[in-house]
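S.K.: Sequence first, predicted coordinates after that:
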Amino acid sequence: MATPGHEFKRPATVAQDVYRHLRSQLLSGALRGGSWLREQEVAATLSVSRTPVREAIRQLAQEGLVTLEANRGVRVHEPTLAEAVATYEVRERLEGMAARLAATRSPEHGKTARNSLRAKLKAMLAIPDHDYAGHIEADNEFHLCVAGLSDNPILLELVDRLNTRVNRVKVLTRHVNSTPAAHQQHEDIAAAIIDGDPDLAERRMAEHIRANLEIVEEHFRSSATATREGAA
């Protein structure tokens, strides 16, 4: 169940630790979409009772990372193309707005905005390439930072809530989060905000999100091709 080199720790309650462990496994793709998640197997692997595992799975189900199927068990969520497109259409509008507002208010924040964004970028670069879950979490933090700089608490709340849905799709793009292209896109967004250019900040954020959706769409095209060839 655990990925090679992953150490299972217990910093808080057992249920929360099981949750963190499974969430990392889900975001990293170690638990593949469509596969079954067996309570008993998880409990045995982590040397815990089934009660904290059940609590952790309930929390993951609320985030949509797993699905509880009546009389069958727990299945790892497998995003569809339609789900990805719908999610990213909303994401592009919300986060484009967040970037625009952040750039508009950048002169008011000044050094604080610059330091906050630079810190998030630095944190992303410090994560090992193979730590897919870590990159997804760091990416979320960067985008939440942008939303926070918008000075619009409703927008920040919506972006934070949308991240729950976005995470279900980000699993499909996990391999590109550590690439130079992804880092450059984040650098460009941050630079436009720091420079106080609302139009450019909004455009760069929208381009970044569309680029990730294109990767998702290519994933589904490749999967469909492989399926057809396998059936031939």
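M.R.: Thanks, I have the structure now.
S.K.: Roughly how far does E41 sit from G148?
M.R.: E41 sits 40 Å away from G148, taking Cβ to Cβ, to the nearest Å as the criterion. Just so you know, the C-beta spots here come from the backbone N, C-alpha and C atoms, and that holds for glycine as well.
S.K.: More neighbours: those two, which one.
M.R.: For E41 versus G148, neighbours defined as other Cβ atoms under 10 Å are more numerous around G148 (19 against 12).
S.K.: Now do the contacts for the more buried one.
M.R.: For G148, the contacting residues are S116, L156, by Cβ atoms under 8 Å, 6 or more residues apart in numbering.
S.K.: what about 7 Å?
M.R.: Shown in contact with G148 (Cβ atoms under 7 Å, 6 or more residues apart in numbering): L156.
S.K.: Give me the buried positions along the least confident helix or strand in the chain by mean pLDDT.
M.R.: Comparing every helix and strand of the chain by mean pLDDT, DSSP states H and E singles out helix 106-109 as the least confident one, with a mean of 85. Of the residues in helix 106-109, S106, H109 count as buried by neighbour count, 16 or more other Cβ atoms under 10 Å.
S.K.: And that helix, how far out from the chain middle?
M.R.: 28 Å (Cα atoms, centre = their mean, to the nearest Å).
S.K.: as a whole number, average confidence for the helix or strand following it?
M.R.: For helix 106-109, the following helix or strand on the C-terminal side (DSSP states H and E) is helix 111-126. Average pLDDT, helix 111-126: 94.
S.K.: At which residues are the helices of the chain located?
M.R.: For the chain, the helices defined by DSSP state H occupy 14-28, 39-46, 50-62, 81-104, 106-109, 111-126, 132-148, 153-170, 180-194, 198-231.
S.K.: Can I get the ones you listed in CSV including distance to E69?
M.R.: Below are the helices of the chain laid out as CSV (distance: least, Cβ to Cβ, whole Å):
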stretch, distance to E69
helix 14-28, 16
helix 39-46, 13
helix 50-62, 10
helix 81-104, 17
helix 106-109, 47
helix 111-126, 36
helix 132-148, 24
helix 153-170, 16
helix 180-194, 34
helix 198-231, 22
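S.K.: I'd like to know which of those has the weakest mean confidence.
M.R.: Averaging pLDDT over each of the helices of the chain puts helix 106-109 lowest, since it has a mean of 85.
S.K.: neighbouring contacts of it?
M.R.: A113, L149, I193, I194, G196.
S.K.: Tabulate these (JSON lines), appending neighbour count.
M.R.: As requested, these are arranged in JSON lines below (neighbours: other Cβ atoms under 10 Å):
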{"residue": "A113", "neighbour count": "23"}
{"residue": "L149", "neighbour count": "25"}
{"residue": "I193", "neighbour count": "33"}
{"residue": "I194", "neighbour count": "21"}
{"residue": "G196", "neighbour count": "18"}
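S.K.: Just to check, L27 is in contact with L172?
M.R.: No: L27 is beyond contact range of L172, at 11.1 Å (criterion: Cβ atoms under 7 Å).
S.K.: Against D197, how distant is N177?
M.R.: N177 is 25 Å from D197, by Cβ to Cβ.
S.K.: again, but for Q16
M.R.: 42 Å.
S.K.: give the contact list for the residue nearest the centre of the chain.
M.R.: Note on the chain: the residue nearest the mean C-alpha position is N167, at 3.6 Å, using Cα atoms, centre = their mean. With contacts defined as Cβ under 7 Å, 6+ apart, N167 is in contact with L27, I136.
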